[in-house]
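> Provided below are the primary sequence and the corresponding predicted coordinates.
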Amino acid sequence: MYAGVPVVASPVGVLAHEMAESPPVYWQIPVGAAPEVAARVVRDAVEHAPAETRVRTALAREIVAREFTGEQMAEKWAEYLRGVVAAETGRAIGI
């Protein structure tokens, strides 16, 4: 998304959680979709009006630049690791 190119993906992982509240920034392939459906979504993204493609890609790039800085990603990773350690050991750690 940061590269400013159209994105075609299924709404899973970070897309499902972090982008759920944003306007459309990528073309969605439904989870478990048949290959024909995926092909149609890709074709739609490629053939879409250039203006809409520019709007979606610019918005996606803005969101990624704002929400996924190196510092933010390091903190999210540390938070995840703290949770793993706590789950495995039964005690919290400071990172």
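Arrived safely.
> Quick one: mean pLDDT over stretch 78-94.
Across stretch 78-94, pLDDT averages out at 87.
> next one: it to chain centre, how far?
25 Å (Cα atoms, centre = their mean, to the nearest Å).
> got the CA positions of stretch 44-53 in PDB?
Extracted C-alpha coordinates of stretch 44-53, given in PDB (Å, rounded to 0.1, in the frame of the first residue of the first chain):
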ATOM      1  CA  ASP A  44     -12.000  -4.900 -11.900                       C
ATOM      2  CA  ALA A  45      -9.000  -3.300 -10.000                       C
ATOM      3  CA  VAL A  46      -7.000  -3.200 -13.200                       C
ATOM      4  CA  GLU A  47      -9.800  -1.800 -15.400                       C
ATOM      5  CA  HIS A  48     -11.200   0.600 -12.700                       C
ATOM      6  CA  ALA A  49     -11.500   4.200 -13.500                       C
ATOM      7  CA  PRO A  50      -8.100   5.800 -13.000                       C
ATOM      8  CA  ALA A  51      -9.500   8.500 -10.800                       C
ATOM      9  CA  GLU A  52     -10.800   5.900  -8.300                       C
ATOM     10  CA  THR A  53      -7.600   4.000  -8.400                       C
END
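> Angles on the backbone of the residue positioned nearest the centre of the chain, please.
Nearest to the mean C-alpha position of the chain, by Cα atoms, centre = their mean, lies L15 at 3.2 Å. Main-chain dihedrals, L15, degrees, to the nearest 10: phi -60, psi -40.
> Quick check: the residue nearest to it when sequence neighbours are not counted vs A74, distance?
The shortest distance from L15 to any residue other than its chain neighbours is 5.8 Å, reached at A9 (Cβ to Cβ, 6 or more residues apart in numbering). Any C-beta I mention is one placed from the backbone N, CA and C, and that applies to glycine too. Relative to A74, A9 is positioned 24 Å away (Cβ to Cβ, to the nearest Å).
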